[in-house]
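Chemist: sequence and predicted structure are below.
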Amino acid sequence: MTDTDQPDAATGASEEPGADRPFNKTTALWVLLATIMASGMAIVDSTAVNVALPALSQGLGASEIQLFWVVVAYLLFLSSLILVGGVLGDMYGRRRVFAIGVGIFGATSVWCGLAPDPTQLIVARSFQGIGAALLVPGSLAIITAYFPESERGKAIGWWSAFSALLVAVGPVLGGWFVDQFTWRLVFFINVPLTVFVLWVVAQHVPKSFGDSADQAVDWIGAVLAVLGLGALSFGLIYGGKFGFAQALGGGAIGGGVGALIAFVVAQARVRAPMMPLSMFKSKNFAGANLLTVLLYAPLGGGTLFLPILMIEVYDYSALAAGAALLPVVFLLATFSRYAGGMINRTGATIPLVVGPIIAGLGWAYFALPWFSGNYWTTFFPGFVLLGLGMSIAVAPLTTVVMTAFDQGKAGVASGINNAASRASGLVAVALFGALVMLIFNRDLAVAVAGIDLPAAALAALDAQDNLLTAAQIPEGLAPDMAAQLRTAIDESFLAGYRAAMWLSLGLAAASALFAAAMIRYKPEALE
């Protein structure tokens, strides 16, 4: 770090609104553009990949386990290191760490797009997650550091609005790339965006630092978080395929749980923990984070299988499968602000109970035994219920988290809650994946036994037992037998998918119960 990069020696923090220049509206626009585009890359990439999974399976010959790891590898390093990324920005300069994160994300996007096999894609996605862990917390930190208090709320509002918009754009854009070009373009699109963001950062984004007096990186916590979440995910995924009684799955699950217990112990002992346990003495904060884990888990695990079902079983195009989720985003964008104002009249408990219940009804609708029908009867009502329930719950949940402590701890509280939602999605992908694989393999084995396939066809099918619905019908079968086998494959996947939807309902219901038991937030108007 050069002398000009150092924070003010007397205060340990940069001058507000920026470290090297006063507030300027033109610069502010550039700062917003850079942070929105960078965080947008991470959002679009993560949401577009889900729609591209069937094409990945066919293009790279990826097995069901490898497909899960394409998603899990990214989430693992993002969720484990996102708090570390925030601390590194405070210590070494938010602009510098943000730019490094953007550079890593862009470079590894090229690696993902060029990956010749599933293994390289999974490794590249891991490093992509590291880049995202540096840029995601940096985007909001840069906004908070540069904008004065009078302008900060409006700036964060713009950032949030575009983030919500990009959540909608990701699946649609990814589906269009897959249908019209190639799944590889989902990753290559990040290259020009990376170059542009890095140029804006170099030319227009001012330096800023956090209070460096007590800053330290909790590397022990970071390593234990990666090991714990990684081993737990590994155990769940492989246990779902080979059985949890086997040492491969069971040992990994036990090791993951042990590492996560060690993580909690370490957080009570290290000098600067990434997740201060003292904050969980607040019942509202503890309840809000538990609610986050339970409510967001289905969004990570449940929505992973919806595009696969649409594309592989219902023959939707990738673009149509991506666009199918638009009602959820529309409702979130439209009604969240009204739900945020609702707590001034009702308090937070009521919307945090009602919202998850309505979302749970959406998951229950997805679990109904539809096997035919158009989008408006099979999926649209479920998406409306899910979107309405989430729009009622999200804003009050955020309010409880951000008001559990004074402003001095608001950033840490937000970071912990953000990490909780992403870690929840990570574990949910592994857990839901294990559940779907177990039921799919069990039901397909029973169905195939009743079809009386020739030995050669059985061998060809066994060779594809890792491909779920992407498995190809063996050549040479009579038309009626081939149709029976295709129906058996689709129905076996549908059975696993329905179990995942029922699990999503159970998690949503549990979040409503915990909200009723733990959340006691009331604004001053209701005191």
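Modeler: Right, received. Where do you want to start?

Chemist: going forward, measure contacts and count neighbours with C-alpha atoms only.
Modeler: Will do.

Chemist: ends of stretch 307-326, what's the gap?
Modeler: Using C-alpha to C-alpha, to the nearest Å, the end-to-end distance of stretch 307-326 comes out at 13 Å.

Chemist: could you count how many residues lie near residue 85?
Modeler: 26 (other C-alpha atoms under 10 Å).

Chemist: tell me the buried residues in the lowest-mean-pLDDT helix or strand in the chain?
Modeler: When the helices and strands of the chain are scored by mean pLDDT, DSSP states H and E, helix 455-462 comes last with a mean of 73. Using 16 or more other C-alpha atoms under 10 Å as the burial criterion, the residues of helix 455-462 that qualify are 457, 461.

Chemist: secondary structure element holding residue 517?
Modeler: helix 479-518 (DSSP states H and E).

Chemist: now the least confident helix or strand of the chain against helix 479-518, angle please.
Modeler: Relative orientation of helix 455-462 versus helix 479-518 (axes from the mean of the first three to the mean of the last three C-alpha atoms, to 10 degrees): 30 degrees.

Chemist: remind me what the helix holding residue 517 packs against, helices and strands.
Modeler: helix 283-308, helix 349-366, helix 410-449 (3 or more C-alpha pairs under 8 Å, 6 or more residues apart in numbering; DSSP states H and E).

Chemist: what angle sits between that helix and helix 349-366?
Modeler: 170 degrees.

Chemist: list the buried ones in helix 479-518?
Modeler: 482, 485-486, 488-516, 518.

Chemist: and the helix or strand containing residue 58, which residues are buried?
Modeler: Assigned by DSSP H and E, residue 58 belongs to helix 25-60. Buried positions in helix 25-60, judged by neighbour count with 16+ other C-alpha under 10 Å: 27-28, 30-32, 34-57.

Chemist: again with stretch 67-75
Modeler: So for stretch 67-75, counting by 16+ other C-alpha under 10 Å, buried means 67, 68, 69, 70, 71, 72, 73, 74, 75.

Chemist: report the contact partners of the last one.
Modeler: Counting by C-alpha atoms under 8 Å, 6 or more residues apart in numbering, residue 75 makes contact with 129, 422, 423, 425, 426.

Chemist: just flag the most distant two among these.
Modeler: Longest distance between any two of these is 13.8 Å, between 129 and 425; criterion C-alpha to C-alpha.

Chemist: follow-up on the earlier one: quick one, the helix holding residue 58 and helix 283-308 angle?
Modeler: Put simply, helix 25-60 runs at 50 degrees to helix 283-308, going by the same axes, to 10 degrees.

Chemist: how much distance is there from helix 25-60 to the middle of the chain?
Modeler: Relative to the centre of its chain, helix 25-60 is centred 12 Å away, using C-alpha atoms, centre = their mean, to the nearest Å.

Chemist: so residue 391, which of the three states?
Modeler: helix (DSSP: H, G, I helix; E, B strand; the rest coil).

Chemist: what separation do you get for it and residue 102?
Modeler: In terms of C-alpha to C-alpha, residue 391 sits 30 Å off from residue 102.

Chemist: contacts only, for the closest residue in space to residue 512 that isn't next to it in sequence.
Modeler: Once flanking residues are discounted, residue 512 sits nearest to residue 353: 4.4 Å by C-alpha to C-alpha, 6 or more residues apart in numbering. Going by C-alpha under 8 Å, 6+ apart, residue 353 touches 393, 511, 512, 513, 515, 516.

Chemist: what's the distance between residue 353 and residue 100?
Modeler: 41 Å.

Chemist: do residue 480 as well
Modeler: Taken as C-alpha to C-alpha, the span from residue 480 to residue 100 is 57 Å.

Chemist: could you do residue 219 as well?
Modeler: From residue 219 to residue 100 the distance is 19 Å (C-alpha to C-alpha).

Chemist: again with residue 328
Modeler: The gap separating residue 328 from residue 100 is 33 Å, by C-alpha to C-alpha.

Chemist: ok, now residue 420?
Modeler: Residue 420 sits 24 Å away from residue 100, going by C-alpha to C-alpha.

Chemist: quick one: which of those two has more around it?
Modeler: residue 420 (22 against 17).

Chemist: quick check: the more buried one touching residue 292?
Modeler: Yes - because the distance of 7.0 Å satisfies C-alpha atoms under 8 Å, residue 420 is recorded as touching residue 292.

Chemist: which element is residue 97 on?
Modeler: Per DSSP H and E: helix 94-114 holds residue 97.

Chemist: next helix or strand past that helix?
Modeler: Following helix 94-114 in sequence, per DSSP H and E, is helix 118-146.

Chemist: give me the angle between that next one and helix 25-60.
Modeler: Using the same axes, to 10 degrees: helix 118-146 against helix 25-60 is 170 degrees.

Chemist: three-state assignment of residue 520?
Modeler: Recorded secondary structure, residue 520: coil (three-state DSSP).

Chemist: for it, give its distance to residue 448.
Modeler: The gap separating residue 520 from residue 448 is 54 Å, by C-alpha to C-alpha.

Chemist: now residue 474: closest residue in space, sequence neighbours ignored.
Modeler: residue 457 (5.5 Å).

Chemist: contact partners for the one you found?
Modeler: Counting by C-alpha under 8 Å, 6+ apart, residue 457 touches 474, 475, 477.

Chemist: what is the neighbour count of the first one?
Modeler: It stands for residue 474. 16.

Chemist: my guess is it contacts residue 459. True?
Modeler: No - contact criterion C-alpha under 8 Å: residue 474 and residue 459 do not qualify, at 9.0 Å.

Chemist: which neighbours do those two share?
Modeler: By C-alpha under 8 Å, 6+ apart, no residue touches both residue 474 and residue 459.

Chemist: domain assignment for this protein?
Modeler: 20-211, 291-527 (automatic domain parsing).

Chemist: of these, which is nearest residue 237?
Modeler: For those, the distance to residue 237 is smallest for domain 291-527, at 5.0 Å, taking C-alpha to C-alpha.

Chemist: figure out how far that closest one is from the centre of its chain.
Modeler: Computed by C-alpha atoms, centre = their mean, the chain-centroid distance of domain 291-527 equals 12 Å.
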